[in-house]
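A.B. asks: Got a predicted structure here, sequence first:
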Amino acid sequence: MVELKTDTSIDAMYEAGQVVARALTAVRQAADVGMSLLELDVIAHDVLRAAGATSPFLGYRPSFAPTPFPAVICASVNDAIVHGIPDGYRLRDGDLVSVDCGAELDGWVGDSAISFVVGEPRPADLRLIEAAERALAAGIEAAVVGNRIGDIAHAVGSVCRAGGYGIPDGFGGHGIGRRMHEDPSVPNEGRPGRGLPLRHGMVLAIEPMLVGGGTDGFHAAPDGWTLRTDDGSRAAHAEHTVAITESGPRILTARQEDRTR
């Protein structure tokens, strides 16, 4: 069942979303060659604590997972698409890093993700990240009252495919609110004009995931969480929590740097 949020609830979700935004900004600013993924997790955790927020990631265990998730961020490096577990790996020059983070504040959840390169970037990686961001922007632009879920999926998928990138099947966005994952599912590829109608008060996490090599295949790593590209190519992930309103999409996890571009 899809829960429609009141305007007051959306305002509360914005506060949770801004905690996520600050955590991701702090992680991005700290990430450098030699920094460990565990150290980045501590930085994000400190931001959540300072805001009085908790992590919906920490201890989360969906049906596919062999163990509860042990961190507050997902840190996925190079050929890891999503769900990477932070560990002692120290970032190297040229690593492509995707960081996903959530926060729960006053009973409401925000969820967002960014991708970036540490050190000297490969041009192909910059193009991949830029495509992920454009796909996210296209999905948000389609998240308007009167459209359907398929319009968001089609907008995201069209950008991905036009760039020659792969799309991991079965993984995409979702509804969000009191819980991190709610109805409806928001695929990253689909047909326009199909699916659930979008209404004022729906809140969605829209999250393109792109495979740089152009194939869709992926597999789970031995940890049971991390998803890696089958072809070994690099991947990028971008995500925002977005409220659908009569006045247009409202990005609840917008970061300060997004507002100043």
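C.D. replies: Arrived safely.

A.B. asks: Any idea what residue 110 is bridged to?
C.D. replies: residue 103 (DSSP bridges).

A.B. asks: longest helix anywhere in the protein?
C.D. replies: Secondary structure of the chain per DSSP state H: the longest helix is helix 7-30.

A.B. asks: Can you give me the buried ones in the helix or strand following that one?
C.D. replies: Next helix or strand after helix 7-30 toward the C-terminus (DSSP states H and E): helix 37-50. For helix 37-50, a neighbour-count test (16 or more other Cβ atoms under 10 Å) marks 37-41, 43-45, 47-48 as buried. Glycine gets a C-beta too; all of them are placed from N, C-alpha and C.

A.B. asks: The helix or strand just after helix 37-50 pairs with which strands?
C.D. replies: Per DSSP H and E, the first helix or strand lying C-terminal to helix 37-50 is strand 73-77. According to DSSP bridges, strand 73-77 forms sheet pairs with strand 96-105 (antiparallel).

A.B. asks: How far off centre is the strand it pairs with?
C.D. replies: From the chain centre to the centre of strand 96-105 is a distance of 7 Å (Cα atoms, centre = their mean, to the nearest Å).

A.B. asks: How far does the longest helix of the chain sit from its chain's centre?
C.D. replies: The answer for helix 7-30 is 13 Å, by Cα atoms, centre = their mean.

A.B. asks: same for that helix, what does it pack against?
C.D. replies: helix 37-50, strand 96-105, strand 108-117, strand 240-245, strand 248-251, helix 256-259 (3 or more Cβ pairs under 8 Å, 6 or more residues apart in numbering; DSSP states H and E).

A.B. asks: Output these as a markdown table; include the columns distance to residue 16 and mean pLDDT.
C.D. replies: Listed next are those as a markdown table, based on distance: least, Cβ to Cβ, whole Å; pLDDT from 0 to 100:
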| stretch | distance to residue 16 | mean pLDDT |
| --- | --- | --- |
| helix 37-50 | 10 | 98 |
| strand 96-105 | 4 | 98 |
| strand 108-117 | 4 | 98 |
| strand 240-245 | 8 | 98 |
| strand 248-251 | 13 | 98 |
| helix 256-259 | 16 | 70 |
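
A.B. asks: Now render the ones you listed as JSON lines, adding distance to residue 137.
C.D. replies: Shown next, in JSON lines, are these (distance: least, Cβ to Cβ, whole Å):
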{"stretch": "helix 37-50", "distance to residue 137": "24"}
{"stretch": "strand 96-105", "distance to residue 137": "17"}
{"stretch": "strand 108-117", "distance to residue 137": "13"}
{"stretch": "strand 240-245", "distance to residue 137": "9"}
{"stretch": "strand 248-251", "distance to residue 137": "10"}
{"stretch": "helix 256-259", "distance to residue 137": "10"}
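
A.B. asks: and of the ones you listed, who's closest to residue 212?
C.D. replies: Evaluated over the helices and strands packed on helix 7-30, closeness to residue 212 peaks at strand 96-105, with 8.5 Å, by Cβ to Cβ.

A.B. asks: Specify the angle between the closest one and strand 108-117 in degrees.
C.D. replies: Orientation check (axes from the mean of the first three to the mean of the last three Cα atoms, to 10 degrees): strand 96-105 against strand 108-117 gives 170 degrees.
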